[in-house]
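Visitor: predicted model and sequence follow; I will ask about them next.
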Amino acid sequence: MSKRESRRFEPRSRKVKILATVGPASRDVEMMRKLFKAGADAFRVNMSHGEHADHAATIKTIREMEREFNRPIAILADLQGPKLRVGKFKDGQAVIRHSGHFTLDRNPEPGDETRVELPHPELFGLLEKGQRLLINDGKIRLKVLEAGDDKILCSAEVGGVISDRKGVNVPDAEIPIPAMTDKDRKDLAFAVEQGADWIALSFVQRPEDLAEARRLMGGYGALCAKIEKPMAVRRLPEILELADGIMVARGDLGVELEPQEVPPLQKKIVNLARTAGKPVIVATQMLESMIESPAPTRAEVSDVANAVYDGADAVMLSAETAAGEWPEEAVTIMDKIAAQVEADDSYLDRVRFHDTEPDETTADALSHSCMTIADTLPITAVTVFTGSGSTARRVARERPSVPMLVLTPSLKTARRVALLWGAHAVPTKDIGSFEEMIAKGKRMALRHGFGTAGSKLIVLAGVPFGTPGSTNLLHVVTLTGKELERHGG
């Protein structure tokens, strides 16, 4: 595709973004191109699976697609995090009887139907009577009867087959282990070296968990805290303050909480992230049946639609695109669901049901004004000049009725805002004067399909130009026929 043809790649018609996970089913170059064309705005590299060489090839392909389609694409590297697991069994598995007793201990010998090793010494002496242990994504549910320094005696509320190295969730206690393992540190160093735009930190429990990741990132990229532990929910405002974005990771969250608790919690997390002006991703099991089926269930369609109505910045596909049989179809259907929801006459009212009051700053006041002006005048886009992306985040949190054209001299910023609601980012040279700002804002809006002759645009920037945090200028402009002639339209 030539450079001229790539400039004609139409902006997305929807504002919510789609984050697609890359895996064996989608790592092929042609399949990744299909996912992008179908609607993927960003790609997740899951560091829990695959080798660094595979991930490096994936990242290289994404950067080549950026050049082909002339559009910044966000890459999110998702760290595995500390996973608690039981040890091994004599026969590879055993059956725990319903209402029977089962012991977790520090004995490394293979387990049986009465006991198994729990190779995590930090849990002994921590757990208390009445607390729960959930094994294999909650399929087995144990309640602690006695907890000592060497063994934990449990009653099986729900028994069943247990096998080697199954995962353990501890929903009722804050576990004194760091959010990053040695593997995570190596994976993070690799992701930074490869230029990942976002780092997702798994199993965050406390705000302090973010500190080490932030230090190892060395100022590069943005940090996304995955909310999948009840302890993280309890300290969410503090975590939000330190993170650049939030992921509602409903997989483990749905294991450690009762199922009925997750939907209202999802809305709460989305609202808090929006109030903070930080992008929020709703993730896991959105179109789960499409791992094997070419069509989703009606319940899954409603689930995706609800996340869009909630005002999430992005919705994520996991195994559907990483390992499923219908990766392109999954992205296509998610794109159609989001577009249909956003076409609903009640969509903006629902998205704005949560009121995001502006802070007492000039930048917030002007960002809020973009929403009200776009509701009042026939505006076709909000054109935002930004270096760090901060102004774009402020505008996005107001959920204006029109898309946002983000013009930035920083390619890193352009890639990062690819996960931001309503943002279409374009890397471009910095501006030096008011006249240049207006001319460039009009020219870029025409070039990228955000207006024609007679269209009105909002232009938002800061003076002096190139100074971070100086947003203090809002201008409404009208595109003219002369500008179309200069552009060649």
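Guide: Received, thanks. Numbers count the residues shown, from 1 in each chain.

Visitor: let me know whether residue 210 touches residue 223 as I believe.
Guide: Yes: assessed by C-beta atoms under 8 Å, residue 210 is found in contact with residue 223 at 6.2 Å. Quick note: C-beta positions are derived from backbone N, CA and C, even for glycine.

Visitor: between the two, who's got more neighbours?
Guide: The residue with more neighbours, out of residue 210 and residue 223, is residue 210; 21 against 16, by other C-beta atoms under 10 Å.

Visitor: ok, now which ones touch that one?
Guide: By C-beta atoms under 8 Å, 6 or more residues apart in numbering, the contact list for residue 210 reads 179, 201, 204, 223, 225, 239, 242-243.

Visitor: the helix or strand where it lies: which residues count as buried?
Guide: Counting by DSSP states H and E, the element that carries residue 210 is helix 209-217. Neighbour-count burial for helix 209-217 flags 209-210, 212-214, 216-217 (criterion: 16 or more other C-beta atoms under 10 Å).

Visitor: out of those residues, which is nearest to residue 250?
Guide: Among the buried residues of helix 209-217, residue 209 lies closest to residue 250 (C-beta to C-beta), at 19.3 Å.

Visitor: pretty sure the closest one sits against residue 176.
Guide: No: counting by C-beta under 8 Å, residue 176 is not a contact partner of residue 209; they are 11.4 Å apart.

Visitor: coming back round to it: could you check how far the helix holding residue 210 is from the centre of its chain?
Guide: Distance of helix 209-217 from its chain centroid, counting by C-alpha atoms, centre = their mean, to the nearest Å, is 18 Å.

Visitor: can you check stretch 250-258 too?
Guide: Put simply, stretch 250-258 sits 17 Å off its chain's centre (C-alpha atoms, centre = their mean).

Visitor: from the rest of the structure, what touches that stretch?
Guide: 134, 137-138, 169, 171, 203, 227-230, 233, 262, 265-266, 282-285, 318.

Visitor: of those residues, which belong to helices?
Guide: The members of those that map onto helices under DSSP state H are 230, 233, 262, 265-266.

Visitor: mark which of the residues you listed are buried, thanks.
Guide: Buried members of the ones in helices among the contacts of stretch 250-258, scored by 16+ other C-beta under 10 Å, are 230, 233, 265-266.

Visitor: and these, which is closest to residue 147?
Guide: residue 230 (18.9 Å).

Visitor: quickly note the distance from the closest one to residue 262.
Guide: Using C-beta to C-beta, to the nearest Å, one gets 11 Å for the distance from residue 230 to residue 262.

Visitor: again, but for residue 414
Guide: Distance of residue 414 to residue 262, computed by C-beta to C-beta: 34 Å.

Visitor: do residue 33 as well
Guide: 34 Å.

Visitor: with distance to residue 401 added, can I get the buried residues of helix 209-217 in TSV?
Guide: Listed next are the buried residues of helix 209-217 as TSV, based on distance: C-beta to C-beta, whole Å:
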residue	distance to residue 401
209	38
210	34
212	41
213	36
214	35
216	40
217	35
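
Visitor: farthest-separated two in the residues you listed?
Guide: Maximum pairwise distance among the buried residues of helix 209-217 (C-beta to C-beta): 13.6 Å, between 209 and 217.

Visitor: would you map out the domains in this structure?
Guide: Following automatic domain parsing, the chain resolves into domains at 3-81+179-343, 93-169, 362-487.

Visitor: so for the protein, the centremost residue is which one?
Guide: Geometric centre of the chain, nearest residue: residue 281, 3.5 Å, by C-alpha atoms, centre = their mean.

Visitor: my read: that one touches residue 420, true?
Guide: No: taking C-beta under 8 Å as the definition, residue 281 is not a contact partner of residue 420, at 10.9 Å.

Visitor: just the pLDDT at the residue lying closest to residue 310 once chain neighbours are set aside, thanks.
Guide: Nearest non-adjacent residue to residue 310, counting by C-beta to C-beta, 6 or more residues apart in numbering: residue 270, 4.7 Å away. You'll see residue 270 listed with a pLDDT of 97.

Visitor: which strands and helices sit next to the helix or strand hosting residue 270?
Guide: Per DSSP H and E: residue 270 is located in helix 262-275. Helix 262-275 is packed against helix 236-242, strand 245-249, helix 250-256, strand 280-283, helix 298-310, with contacts defined by 3 or more C-beta pairs under 8 Å, 6 or more residues apart in numbering; DSSP states H and E.

Visitor: please identify which of these is closest to residue 430.
Guide: Nearest to residue 430, of all the helices and strands packed on helix 262-275, is strand 245-249, at 25.3 Å by C-beta to C-beta.

Visitor: just the angle for that closest one relative to helix 262-275, thanks.
Guide: 170 degrees (axes from the mean of the first three to the mean of the last three C-alpha atoms, to 10 degrees).

Visitor: how far off centre is strand 245-249?
Guide: The answer for strand 245-249 is 5 Å, by C-alpha atoms, centre = their mean.

Visitor: got the buried residues for it?
Guide: Neighbour counts over strand 245-249 (16+ other C-beta under 10 Å) mark 245-249 as buried.
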